[in-house]
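K.L.:
Make a model of this:
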Amino acid sequence: MPDLKDRLIDAALPHVAFDGWSEAAFRAAVTDAQVTPAQARAAFPRGAVDMALAFHRRGDDAMMEKVRTTDMSEFRYRDKVAHAVRLRLEVAGEHREAVRRGMTLFALPMHAADGLRALWGTADAIWDALGDRSRDVNWYTKRATLSGVYSSTVLFWLGDQSDGSRDTWDFLDRRIDNVMQIEKAKASARKSPLFQKLMTGPNMLLDRIKAPAKPPRGDLPGLWRTPSSDA
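P.N.:
I've put the predicted structure just below:
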């Protein structure tokens, strides 16, 4: 099945540039890949929508492999994150129009939930590739923050005409710096006795929030740990 999916995606990409992730592009891919409509529907039950999601996940997988084979031992923490985001965009660079068409598809109300899951999945993939070990509420805040950074960077990248996407990498660095400044401010606030007192109740609730069990990667629901499960 993976080989069939890749064949169909590769066959669809030239058509997606003109027809978007549409039924027309899906049918053209079926013809060009020389598979039956039944085989194609078995691989992608919802047609072009599932194909677009598979294309996105394929990019995530390629990024993860690049991150894991890159020596980042000398990188600062923020540089590791920025580099992973950059690798994800470079993976997509050959098919920028397909990414643009995907953004259009998942902006539609009926596909918005799929788009949000794909975005979350990318943030999750980046943190997984970087070896994130958080299992508490930080698992969620890291991915939510990175989702915002990644989505804004993609939008900037789609309109970037600079040599080597230089302006995009500068934009990405500024977004990462913004996040780091916020984290520093939060860390400073946590040291305040008044803040610690005010957060006593909320922290008791937050301590119950746990990351979802894995696999599958990218699932949104978390695990709410009840007092009885701590015993």
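K.L.:
those strands in this structure, which residues are they?
P.N.:
Secondary structure of the chain by DSSP state E: the strands cover 209-210, 223-224.
K.L.:
Check the ones you listed for me: which has the lowest mean pLDDT.
P.N.:
Sorting these by mean pLDDT places strand 223-224 lowest, at a mean of 40.
K.L.:
For the helix ranked longest in the chain, name the packing helices and strands.
P.N.:
When every helix of the chain is counted residue by residue (DSSP state H), the longest turns out to be helix 166-190. Here helix 166-190 touches helix 77-92, helix 137-158, going by 3 or more CB pairs under 8 Å, 6 or more residues apart in numbering; DSSP states H and E. Yep, even glycine has a C-beta here, placed from its N, CA and C like the rest.
K.L.:
Nearest to Thr104, out of the ones you listed?
P.N.:
Closest approach to Thr104 among the helices and strands packed on helix 166-190 is made by helix 137-158 (10.5 Å; CB to CB).
K.L.:
Now do the residue nearest the centre of the chain against Gly59, distance only.
P.N.:
Note on the chain: the residue nearest the mean C-alpha position is Thr122, at 1.6 Å, using CA atoms, centre = their mean. Distance from Thr122 to Gly59, counting by CB to CB, to the nearest Å: 8 Å.
K.L.:
okay, and the common contacts of those two?
P.N.:
With contacts defined as CB atoms under 8 Å, 6 or more residues apart in numbering, the residues adjacent to both Thr122 and Gly59 are Arg88.
K.L.:
what bits of the chain have low per-residue confidence?
P.N.:
Low-confidence regions of the chain, defined by pLDDT under 70, span residues 1-2, 183, 185-187, 189-191, 194-208, 214-231.
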